[in-house]
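Undergrad: Sequence and predicted model, in that order:
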Amino acid sequence: MDEKFDAIVVGAGPSGNAAAYTMAKAGLKVLQLERGEYPGSKNVQGAILYSDALERIIPDFREDAPLERHLIEQRMWVLDDESYVGSNYRSDEFNKPPYNRYTIIRAQFDKWFSQKVREAGALIICETTVTDLIMDRTRVIGVRTDREGGSIYADVVILADGVNSLLAKKAGFHPELHPKDVALAVKEIHFLPQETIEQRFNVGGDEGVVIEMAGKITQGMVGTGFLYTNKESLTIGVGCMLSDFKQQGTSPYALLEQMKSHPSIKPLLAGGEMKEYTAHLIPEGGYNAVPQIYGEGWLIVGDSGMFVNAVHREGSNLAMTTGRVAGETVIELAARKKPMSAANLALYRKTLDDSFVMKDLKKYRNMPEILHGNHQFFTTYPELVNRAMHTMLTVDGIDKKTKEREVRQDFRKKRSLFGLMGDAFKMWRAFE
Amino acid sequence: MHIVVCIKQVPDSAQIRVHPVTNTIMRQGVPAIVNPYDLYSLEEALRLKDQFPGSRVTVLSMGPPQAETALRKAISFGADEAILVTDRAFAGSDTLATSYALASAIRQIQQDMPVDLVFAGKQTIDGDTAQVGPGIAKRLDMRLLTYVSRVDSLDLERREIVVQRRSEGGVQVLKSRLPVLITMLEGTNEMRFATMPNMFRAARYPLKVWDKDAAGIEDVSKTGLKGSPTIVSKVFAPTPKTVKAEIIDTESNNPKDIAVTLLAKLFTRHPNLQAEIGKRS
Ligand SMILES: Cc1cc2nc3c(=O)[nH]c(=O)nc-3n(C[C@H](O)[C@H](O)[C@H](O)COP(=O)(O)OP(=O)(O)OC[C@H]3O[C@@H](n4cnc5c(N)ncnc54)[C@H](O)[C@@H]3O)c2cc1C
């Protein structure tokens, strides 16, 4: 007998879980299919959890979600080969509950989220890959899986299958991913005793620190690095545009190794034991790369729809928000007994357009273009800024005015005055 | 025919790490899997079920509530029923106490439908004792076939089974009467890929959860820590080997040259070896 559901969700990452949870909670008959052995087994994230998006789905998540540390300090580093110039922001405001940002370990977090989806009443089947969408002319009416007897039907199918959605491509909803629109990130988790982490980062209890890094560590490629404190481990990673990796021929692993040996980073990791190494793509094409996200009987949520704000390193929250909004759209149509047609599902896109999701992506829509065309942001500037600091801080009998002139000349030599002003203008426009 | 398959959920020992500081085993974050040997016995049971339509396969596990996942997995492969025997009283059970509890549970299962065959894995990968299967057979007064690599034939009329048993230096072909308990070895059969309808069945299956009373435990003092005479006096990580692998460069790709280089290397490291070989030949 054929199985039939109100909705099928493909994927059990944050976007799929948000969609499945929202719909199941409202009483819809939901099936969620995940190819991994268990939810989270395939997923990679830094990972910082932004409370707000999850709060709107599970308000009391703090009671039992596996959270590592709440963040009280953000460090931004611009690195040269042997130094960095940085800024810190630390505030006790961040110590007042409810906390706004946490570090998490995705494998554990996804398992927890999935349990909530199950409790809400959705049927979850893992170790099952959706191979095709079943079409009735232009309308999606179900999915086929890699298992025998694997045809399953539904009024609507939500694709939450992550970056590089093979399904969307196969169905023609997506063009092939462009290497310019995706970053490849690698990261490791290093085990360290809790006390060591707290001493090294000057935190106590559940407090945590984030270090975001840019500069020479990406060897001229467009990208950034990061280091996060978990309860008993540190996460360190680096990601650059796939097109840059390709062009430069650098191996991501070698890049991370190099980064770990930076004299400012190495002591932070010292004595740790590497627990896990993972690599994953991040869709960073931004607003202009967002594909068609709804159609006859289908919706796309999360990474599959390119919903990542690369500038602020926000992904999971956009995934959860798009998942929730997709779920709410389906609930609303189902309640009014309206068909899941493209015309009706357009409400999903409209709701997103009016939310922070599209507004933020739109704000930074030119960022990818600018960074691609201006690699000096990742090479020349970090070097110049670091050299300037070095010059100003070295006490050697040379007067400060001469030093300032030296620094200015240094900048002018590397980049013309026009270039400098142009860059400043471009950045200003991008953030405007 | 009614087959009972005993399975256990174990931490994937390939992924277990030893805490670098405290030297204890870090179980946190280690994925739980079905003991691999148990999958061979489950597959063998399912093949018999395919061969004798109308047979029933019941999977049985004693363990914490999380072991539910392992039992659901067994249902997805095609088992008919799954029973989880779980009770606080069982905490800390060694092989003696475990086989006592499982034997009691099998006696309960018998009341519903007589059991012709019981399968267990040769051993678990977390305890490595290979004692539970034989322990159950003894308590149920059942015949026992250990280290079985395959079931050759089964004759239900004559109630006879023929199996291959691996022993040191050879394979024994053994015939036994039913009922019998069989412990299975690895490598004889691959677990099948579950069908979609069975995945649905597993996801929806109302698991039977038995506490000590439902499992028919008569003497609680024979279960859990109290019923376990085994004492683990110490757990430690073996010191890592200091000998490092060496990559040997060879100038040619000719097998003979490579062999000569390798031998030269060996002889320099073990000077006596060359003399020894010379003496013998
Ligand atoms: C290194 C790195 C660091 C990051 N750091 C952060 C951070 O700090 N904060 C943040 O908010 N975001 C971060 N992100 C981004 C964030 O991880 C993603 O945006 C988020 O995981 C997207 O969720 P998703 O549900 O759309 O996709 P995913 O989490 O990728 O989930 C997709 C799921 O679908 C399953 N699937 C795929 N295809 C199929 C199929 N055919 N059939 C069945 N199942 C299928 C997959 O197995 C997977 O479980 C980071 C990403 C990376 C790579």
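TA: The structure has been received and is ready for your questions.
Undergrad: Mind checking if stretch A:95-110 is in reach of the ligand?
TA: No: using Cβ under 6 Å from any ligand atom, we find that stretch A:95-110 stays clear of the ligand, coming within 7.1 Å at best. The way it works is simple: take the backbone N, C-alpha and C, and place the C-beta from them, glycine included.
Undergrad: Give me the helices and strands touching the longest strand along chain A, please.
TA: If you go by DSSP state E, chain A has its longest strand at strand A:67-79. Using 3 or more Cβ pairs under 8 Å, 6 or more residues apart in numbering or on different chains; DSSP states H and E, the elements in contact with strand A:67-79 are strand A:84-90, strand A:101-104, strand A:207-215, helix A:380-393.
Undergrad: So for chain B, which of the ones you listed sits nearest?
TA: Proximity to chain B (Cβ to the nearest Cβ) singles out strand A:101-104 among the helices and strands packed on strand A:67-79, at 13.1 Å.
Undergrad: Is the residue in chain B positioned nearest to the ligand in a helix, a strand, or coil?
TA: Closest contact between chain B and the ligand, by Cβ to the nearest ligand atom, is at residue B:199 (12.5 Å). Here residue B:199 is recorded as helix under DSSP: H, G, I helix; E, B strand; the rest coil.
Undergrad: In terms of residue numbering, what are the domains of the chain?
TA: Here I'm looking at chain A. A:4-68+A:99-175+A:286-367, A:180-283, A:370-431 (automatic domain parsing).
Undergrad: Please refer instead to chain B.
TA: B:2-222, B:238-281.
Undergrad: model confidence over the first one, on average?
TA: It stands for domain B:2-222. Regarding domain B:2-222, the rounded mean pLDDT is 92.
Undergrad: if you go through chain B in chain order, where are the helices?
TA: Using DSSP state H, the helices found in chain B span residues B:36-51, B:68-77, B:95-112, B:132-140, B:196-204, B:255-269, B:271-280.
Undergrad: and what of the stretch 201-350 of chain A?
TA: A:242-248, A:252-260, A:266-269, A:316-335, A:342-353 (DSSP state H, counting those that start in this stretch).
Undergrad: what about the fourth one, near the ligand?
TA: Yes: with Cβ under 6 Å from any ligand atom as the threshold, helix A:316-335 lies in contact with the ligand, specifically through A:316, A:317, A:319.
Undergrad: Around the ligand, which positions in the stretch 151-300 of chain A sit nearby?
TA: Within reach of the ligand by Cβ under 6 Å from any ligand atom, the stretch 151-300 of chain A has these residues: A:160, A:161, A:162, A:167, A:185, A:187, A:237, A:239, A:280, A:282.
Undergrad: One more pass at 8 Å, please.
TA: Within the stretch 151-300 of chain A, the positions adjacent to the ligand are A:160-163, A:165-167, A:183, A:185-187, A:226, A:228, A:237, A:239, A:278, A:280-283 by Cβ under 8 Å from any ligand atom.
Undergrad: what about burial for these, which qualify?
TA: Buried members of these, counted by 16 or more other Cβ atoms under 10 Å in any protein chain shown: A:160-163, A:165, A:167, A:183, A:185-187, A:226, A:228, A:237, A:239, A:278, A:280-283.
Undergrad: Against the ligand, how distant is the residue lying closest to residue A:296 once chain neighbours are set aside?
TA: Nearest residue to residue A:296 in three dimensions, chain neighbours excluded: residue A:139, at 4.1 Å (Cβ to Cβ, 6 or more residues apart in numbering or on different chains). For residue A:139, the distance to the ligand equals 20 Å [Cβ to the nearest ligand atom, to the nearest Å].
Undergrad: Just give me the neighbour total for the nearest residue in space to residue B:16 that is not next to it in sequence.
TA: Once flanking residues are discounted, residue B:16 sits nearest to residue B:30: 5.5 Å by Cβ to Cβ, 6+ apart. Residue B:30: 16 surrounding residues under other Cβ atoms under 10 Å in any protein chain shown.
Undergrad: For the stretch 1-150 of chain A, which residues are neighbours of the ligand?
TA: Counting by Cβ under 8 Å from any ligand atom, the residues of the stretch 1-150 of chain A close to the ligand are A:10-18, A:33-36, A:39-50, A:106, A:110, A:128-131, A:145.
Undergrad: quick one: the residue nearest to residue B:16 and residue B:37, what's the gap?
TA: Distance, residue B:30 to residue B:37, using Cβ to Cβ, to the nearest Å: 18 Å.
Undergrad: JSON lines please, covering the helices of chain B and showing mean neighbour count.
TA: Listed next are the helices of chain B as JSON lines, based on neighbours: other Cβ atoms under 10 Å in any protein chain shown:
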{"stretch": "helix B:36-51", "mean neighbour count": "22"}
{"stretch": "helix B:68-77", "mean neighbour count": "22"}
{"stretch": "helix B:95-112", "mean neighbour count": "20"}
{"stretch": "helix B:132-140", "mean neighbour count": "21"}
{"stretch": "helix B:196-204", "mean neighbour count": "18"}
{"stretch": "helix B:255-269", "mean neighbour count": "12"}
{"stretch": "helix B:271-280", "mean neighbour count": "10"}
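Undergrad: Kindly present these as a markdown table, with separate columns for distance to chain A.
TA: Formatted as a markdown table, those follow (distance: least, Cβ to the nearest Cβ, whole Å):
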| stretch | distance to chain A |
| --- | --- |
| helix B:36-51 | 14 |
| helix B:68-77 | 8 |
| helix B:95-112 | 26 |
| helix B:132-140 | 26 |
| helix B:196-204 | 4 |
| helix B:255-269 | 29 |
| helix B:271-280 | 38 |
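Undergrad: Adding distance to residue A:199 as columns, could you present those in a markdown table?
TA: Below are the helices of chain B laid out as a markdown table (distance: least, Cβ to Cβ, whole Å):
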| stretch | distance to residue A:199 |
| --- | --- |
| helix B:36-51 | 42 |
| helix B:68-77 | 39 |
| helix B:95-112 | 44 |
| helix B:132-140 | 46 |
| helix B:196-204 | 47 |
| helix B:255-269 | 45 |
| helix B:271-280 | 51 |
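Undergrad: looking at these, which is closest to residue A:96?
TA: Set against residue A:96 and scored by Cβ to Cβ, the helices of chain B come closest in helix B:68-77, at 39.0 Å.
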